[in-house]
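Asks: Test case, fold it:
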Amino acid sequence: MSSTVAAAPAIEDPEARSSRLTGAAFWAAFVLSSAGLLLTINQVFNLGVGGFRPISTAYYYLIIGCFGAFAFLAFPAIKRQKTHVPWFDWVLAAATLGISVWLATVSLTIQLAGWNATAPDWAAWLGVALIVMILDGVRRTGENVLFFACLIFGAFPIFAGEMPGFLWGVEFSPLDTVREHVFGTESIIGIPMQVVADTLIGFLVFGVVLSATGGAAFFMDFALALMGTSRGGPAKVAVVSSATFGMLSGSPTSNVLTTGTLTIPTMKRCGYSAHYAGAVEACSSTGGALMPPVMGAAAFIMATFLNVPYAEVMLAALLPSVLFYAALFLQTDLYAVRKGLRGVPKSEVPPLGPTLASGWYFIGAIVGLTVLLLAFRMEAQAPFWVCLFLLVVAVLRRKTTGFNLMSFCRLVVDGGQAVAQIVALIAGIGLIIGALSVTGVANSFSRELVQYAAGNIGLLLFFGAITSFILGMGMTASACYIFLAIVLAPALVQAGLDPMASHLYVLYWGIVSFITPPVALAAIAAASIAKSSPMKTGLMSLRIGCLLMLLPVLFVLQPALILRGDLPLILQSVATAGVAIFMLASAFEGYVYGVGATPIWARIPILVGGLLLLIPEGMTDLLGLGIALAGILAMWLARPRVAA
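Replies: Okay, the predicted model is just below:
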């Protein structure tokens, strides 16, 4: 590597077990995680073990208590405490658990007596303590941008009456604000926390179980066995394996650090440049967060906001995800053709039969999860059944998997950490939602945004894209989506756009920041493995994954791409989008199948034609196709040799 190119900083896996969880901290975390998971199973399956059937609000408080306390043990207050748990973190963990358990025990009184407005002052001061710990939990598990957003917006009701224009809202005293946040049902135990506790925990644990039982390694071997020897095989393996594992884990950066350690060095060895290899892995891993059946936390919250079954969100997201991965697959193949790259030597490719025999149950788990979600609509129970299946198989095959009692304990702790991180973040985000809700600003913001755009859909979409992108730089995808689903998505719906398309639009643009400089967390993680320039890798990721920015605009303007509409229109839209993707990939990679390498002057009309094909209008489709074909024909006439 040239000395002028700065190597990417080392990135740690955000989902790896905290190095603080050793000794007493490990076993305390195990107890907290076990208690939280058992509570969830008891609630989700309505078991009523020992007659214990807490009301829903009591259950939400207990989830905050168990996993909020876990967060103080796992995530340090400052970096130098990342290897040990200081005494005050034990105190904070105990206080979080204690206050939450107390809230659970008085939850019925809170509801019947209307404590969100009438709670005694001493209870409100306990609420202050809980809010302070929630904010610290957000600071530890998220970015500083999210912490300050939660702090400022959480306190918004205190000065809402002094704000100008559409930011004006109902004003509350400081203690009344705390009462609404802690004892009301629209803030820390509002819709996002309800979705996490009622539905999402099982899917988070499923991702951990899948990884702990060897799922990532299997999907890598399976993809390698299928296409490793084909031209540019390692890049295709990266696309397929990252898509498969990413659609189950839902975490772009973690996906890069899991599958990328295998795919990126193999791509480099077969001739892909370091920054291109890193970009392929970054885009493949990022797209996994938008690929059914799991898609990450935001998709489940989206289903609740839209008041539709999660299966509808899955179906709507399926076609755009397939188009995105088709574009990645095409680009890697065209790059390989143009550069004359080969695949992995056959001696290094695992045979397909034995690979399937060793991990067939992982494919069975995906199929089973999909069937349970789509056919039986078992959104909350499905991941637990699939986890049980994977654990039983791991135990029965323990001679090959090495799964034992200690492995199970580590799995419980890892699952608890995954849940603790999302619970800590969602509790903080609840402060934002609660504040905007009780003051009435959420509705007025959407209304004013529509009026400001003056009916201009393009302007409204531009505002939405920029806002989503900026927030996505400093927040998790879930946090970004939840915030914008409250203030922006309603404005898009009021402007006449499809509700599902509007919410997916916000989600997509919040994800884009993972591969877009200057933040580009997934690209930076990939660059650290590829030993390439972070900026160069990020820019290449932006080019390879540009469809991630184009797709949301397309399906908002043409909902047929999310399977909304008549079948002929859907088929026409899919065909047009497929041709457009082919044109764009050919232009970006500088090669057209059957014609050969594409000079710069020919790339331009092919690129323009591909972009015009993406516009959902009949005449622009014909115009785009004509321009692209004219460019290809001119290139063929200028260079009549047909590529081999």
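
Asks: Show me the strands in the protein, by range?
Replies: Listed in chain order, the strands of the chain (DSSP state E) span residues 591-592, 596-597.

Asks: Can I get the ones you listed in a markdown table including distance to residue 410?
Replies: Just so you know, the C-beta spots here come from the backbone N, C-alpha and C atoms, and that holds for glycine as well. Shown next, in a markdown table, are the strands of the chain (distance: least, CB to CB, whole Å):
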| stretch | distance to residue 410 |
| --- | --- |
| strand 591-592 | 47 |
| strand 596-597 | 52 |
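
Asks: Out of the ones you listed, which gets nearest to residue 632?
Replies: Closest of those to residue 632 is strand 591-592, at 5.8 Å (criterion: CB to CB).

Asks: which residues sit against that closest one?
Replies: The contact list for strand 591-592, computed with CB atoms under 8 Å, 6 or more residues apart in numbering, reads 334-335, 337-338, 586, 597-598, 606, 632, 635, 643.

Asks: With stretch 268-276 instead?
Replies: With CB under 8 Å, 6+ apart as the test, stretch 268-276 has contacts from 1, 232-235, 267, 277, 280, 335-336, 339, 341-344, 527, 530-533, 536-537, 540, 544.

Asks: Narrow those residues to those that are buried.
Replies: Buried members of the contacts of stretch 268-276, scored by 16 or more other CB atoms under 10 Å, are 232-235, 267, 277, 280, 335-336, 339, 341, 343-344, 527, 530-533, 536-537, 540, 544.

Asks: ok, longest helix in the protein?
Replies: Longest helix in the chain by number of residues (criterion: DSSP state H): helix 405-439.

Asks: about what we covered before: buried among the contacts of strand 591-592? Need that as a selection in PyMOL.
Replies: Only the buried members of these enter the following PyMOL selection, criterion being 16+ other CB under 10 Å:
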select buried, resi 334+335+337+338+586+598+606+632+635
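
Asks: which of the contacts of strand 591-592 lies closest to residue 242?
Replies: Distance to residue 242 across the contacts of strand 591-592 (CB to CB) is lowest for residue 335, with 16.7 Å.

Asks: any idea how far the closest residue in space to the closest one that isn't next to it in sequence is from residue 539?
Replies: Spatial nearest neighbour of residue 335, excluding adjacent residues (CB to CB, 6 or more residues apart in numbering): residue 589 at 5.2 Å. Noted for residue 589: a distance of 16 Å to residue 539, by CB to CB, to the nearest Å.

Asks: Can you tell me which of the contacts of strand 591-592 lies closest to residue 69?
Replies: Nearest to residue 69 among the contacts of strand 591-592 is residue 335, at 49.2 Å by CB to CB.

Asks: wait, doesn't that closest one sit right on residue 585?
Replies: No - using CB atoms under 8 Å, residue 335 is not in contact with residue 585, being 9.4 Å away.

Asks: more crowded one of residue 589 and residue 539?
Replies: More crowded of residue 589 and residue 539, by other CB atoms under 10 Å: residue 589, with 23 against 18.

Asks: domain ranges for the chain?
Replies: By the record's domain assignment, the chain is partitioned as 195-412, 566-644 (automatic domain parsing).

Asks: okay, those domains, which one's buried deepest?
Replies: domain 195-412 (a mean of 21; mean count of other CB atoms under 10 Å).

Asks: what's the span of that domain, first residue to last?
Replies: 21 Å (CA to CA, to the nearest Å).
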